[in-house]
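Q: attaching a predicted model along with its sequence, questions to come.
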Amino acid sequence: MITIPCPYCGPRNTSEFRYVGEQGSRPDPNRTTPAEWRSYLYTQSNEAGWVAETWWHGSGCRRYLIVERHTVTNEVRTIQPSAVHPRHCLRHEADSGEELTAERDPA
Amino acid sequence: MRRRNGPRGASRYSAFDLVRHGVSGSRWPSVWRARDLQPSYDVVVIGGGVHGLATAYYLADHHGITNVAVLEKSYLGSGASGRNTAIIRSNYLTPEGVRFYDRSLKLYQTLAADLNFNVMFSRRGHLTLAHNDSSVRTMRWRAEVNKLEGIESEVIGPSEIKKLVPYLDTSGGVRYPILGALYHPPGGTIRHDAVVWGYARAADALGVHLHQKTEVTEIDVSSDRVVGVRTNQGSIATSVVVNCTAGWSSLISKMAGVEMPIKTFPLQAAVTEPVRPFLHAVVVSGTLHVYVNQTDRGELVFGASVDPFPSYSMRGSLEFTEGVAGDLLELMPSLAAMRVLRQWAGLCDVTPDFSPIMGPTPVTGFYVDVGWGTYGFKAAPVAGEAIAQLIATKETPKLIAGFDLARFSEDRLVAEKGAAAVGH
């Protein structure tokens, strides 16, 4: 079983979560070039190592989380709440989770 | 190019040979030889799976290019080539896909004779079940595309399905009733390890060097041109490198400075204890995310869709076994007493349009045969043949022209999501 230590719910099985995608910035649609936009759509780092990702705890607290996971061992190093819904943010600021973690004590 | 004698230079297997070795108990000769790594090769193939070995074999056999090295970081066939469920078919959705996979099926049909190696080709009939109206519509679409390309493929109803696979629950009073199926008689199975060994033996006999436990650490590129490859066993000078590394392909491409639109997902499969033959056809349900066939030994091999998140881990999960067993019992309730023997996972390099990426890259001399997702095994012979032709002639064969890397920057995606895999 692969567990993800949710800051709200504690360690939970991955089957409770939905993988959303790698962390990355979405180019501004009004200013981007077709090449940049295609790269945003299609290209991922696909690293074999530590990758920062967004996960959604759908069967738990229903929060979006920024998870740093090792893609070979599936070990999770850090996890923090995502500032906003990933589809609505132009940029995920990894450090902006600080004020949100203060909202409720991590389990 | 067809020969019935197997590759030149290899000792020939025959029934007489089998009896002789059986009676005398003498050892069989090695199927391929261990060689010393040479300082330079005309072509370096990265990845000793079925795609890499087929590429090397066709380079040597069809084009006389024998100064070729196949580099494998583990043992031959240790990746997805030895981990797939060995199903072959050509009933795809796009005309490009259908033509391509049909050529592969035809090469597989005569492979045992061509390689003088029993690859246990078995024509079973392939059934893709439809559980709702939209699936039936897609099946009709596929059947028509298939027929236009000259492939045996038709939509059949529950009573005909019941005749082909009596153990399927076609009663209709279930959550996912079987409304029809796309029936593809030429589909079937083949022994995947035997295909790897057959290609390896034939390539070795033609002079190709197979280097196991040789891991590529760097690819040397000078002014957008491949000049060499560095491995944990030493450096090689070469002007042509082919990337055939499936799940690891984006990492290898990155060494040459080529970005790939690829995500690596584990795909799991499992096998039950052997029972008497009762299931002749290959049965697939896209809605239930399950496919099953019975091997010649009597085991049921079943698989599902890729894991729900990307990973390079090849550990199995309980969620998979539970899920796929439940789905299988939905189709064939009488299998409830069957016991699972083992499960495993392989890595799939999935592309945005569920079609492979084959051909040249912006780096001269660096070719890719990747993006094979969950459908790489059935395409190995044709991919190897086409890539070998591309390297030998420097011209992209028509059969793979639509599958180039440039399609992602020119908006020419080949959308095979509807027929390439289950449950995406």
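A: Structure received. Please read all numbers here as calculations on a predicted model, not as lab measurements. Numbers count the residues shown, from 1 in each chain, chains lettered A, B, ... in the order given.
Q: element containing B:Thr138?
A: Assigned by DSSP states H and E, B:Thr138 belongs to helix B:133-148.
Q: and that helix, which residues are buried?
A: B:Ser135, B:Val136, B:Thr138, B:Met139, B:Arg142, B:Ala143, B:Val145, B:Asn146 (16 or more other C-beta atoms under 10 Å in any protein chain shown). Heads up, the C-betas are built off the backbone N, CA and C, glycines and all.
Q: using PDB, write out every CA atom in it.
A: Presented in PDB, the C-alpha positions along helix B:133-148 are these (Å, rounded to 0.1, in the frame of the first residue of the first chain):
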ATOM      1  CA  ASP B 133     -24.800   2.200 -26.500                       C
ATOM      2  CA  SER B 134     -21.900   4.500 -27.000                       C
ATOM      3  CA  SER B 135     -19.500   1.500 -26.900                       C
ATOM      4  CA  VAL B 136     -21.600  -0.300 -29.500                       C
ATOM      5  CA  ARG B 137     -21.400   2.800 -31.700                       C
ATOM      6  CA  THR B 138     -17.500   2.900 -31.300                       C
ATOM      7  CA  MET B 139     -17.300  -0.800 -32.100                       C
ATOM      8  CA  ARG B 140     -19.300  -0.300 -35.300                       C
ATOM      9  CA  TRP B 141     -17.000   2.600 -36.300                       C
ATOM     10  CA  ARG B 142     -14.000   0.500 -35.600                       C
ATOM     11  CA  ALA B 143     -15.400  -2.500 -37.600                       C
ATOM     12  CA  GLU B 144     -16.100  -0.200 -40.600                       C
ATOM     13  CA  VAL B 145     -12.600   1.300 -40.500                       C
ATOM     14  CA  ASN B 146     -11.100  -2.200 -40.100                       C
ATOM     15  CA  LYS B 147     -13.100  -3.600 -43.000                       C
ATOM     16  CA  LEU B 148     -12.100  -0.700 -45.300                       C
END
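Q: report all helices and strands that it contacts.
A: helix B:95-109, strand B:126-130, strand B:154-156, strand B:180-184, helix B:417-420 (3 or more C-beta pairs under 8 Å, 6 or more residues apart in numbering or on different chains; DSSP states H and E).
Q: tell me the mean pLDDT for the last one?
A: Right, helix B:417-420. The pLDDT scores in helix B:417-420 average 66.
Q: now the helices: where do they sit in the chain?
A: Just going to use chain A. Using DSSP state H, the helices found in chain A span residues A:34-42, A:97-101.
Q: correction: the question concerned chain B.
A: Counting by DSSP H, the segments of chain B that form helices are B:15-24, B:50-63, B:95-109, B:111-115, B:133-148, B:158-164, B:192-205, B:249-255, B:318-331, B:380-393, B:417-420.
Q: deepest-packed of these, please.
A: helix B:50-63 (a mean of 28; mean count of other C-beta atoms under 10 Å in any protein chain shown).
Q: for that one, the averaged confidence score.
A: Mean predicted confidence for helix B:50-63 is 98.
Q: next one: that helix to chain centre, how far?
A: 15 Å (C-alpha atoms, centre = their mean, to the nearest Å).
Q: can I get it in CSV, CA atoms only?
A: This file holds the C-alpha atoms of helix B:50-63, laid out as CSV (Å, rounded to 0.1, in the frame of the first residue of the first chain):
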residue,chain,number,x,y,z
VAL,B,50,11.6,-6.8,-28.3
HIS,B,51,11.7,-3.4,-30.1
GLY,B,52,15.4,-3.0,-29.8
LEU,B,53,16.2,-6.5,-30.8
ALA,B,54,13.7,-6.5,-33.7
THR,B,55,15.3,-3.2,-35.0
ALA,B,56,18.8,-4.8,-34.8
TYR,B,57,17.7,-8.0,-36.5
TYR,B,58,16.0,-6.2,-39.4
LEU,B,59,19.0,-3.8,-39.8
ALA,B,60,21.2,-6.9,-40.2
ASP,B,61,18.9,-9.1,-42.1
HIS,B,62,17.1,-6.7,-44.5
HIS,B,63,19.8,-4.1,-44.9
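Q: just checking, what packs against it?
A: Helix B:50-63 sits against strand B:43-46, strand B:68-71, helix B:192-205, strand B:366-370, helix B:380-393, with contacts defined as 3+ C-beta pairs under 8 Å, 6+ apart.
Q: out of these, flag the one nearest A:Tyr40.
A: Of all the helices and strands packed on helix B:50-63, it is strand B:366-370 that lies closest to A:Tyr40, at 21.1 Å by C-beta to C-beta.
Q: and the closest one, what other elements does it pack with?
A: helix B:50-63, strand B:241-243, helix B:249-255, strand B:357-360, helix B:380-393.
Q: and chain A, is the shortest one touching that?
A: By that I understand strand B:241-243. No - judged by C-beta under 8 Å from any C-beta of the partner chain, strand B:241-243 stays clear of chain A, getting no closer than 13.8 Å.
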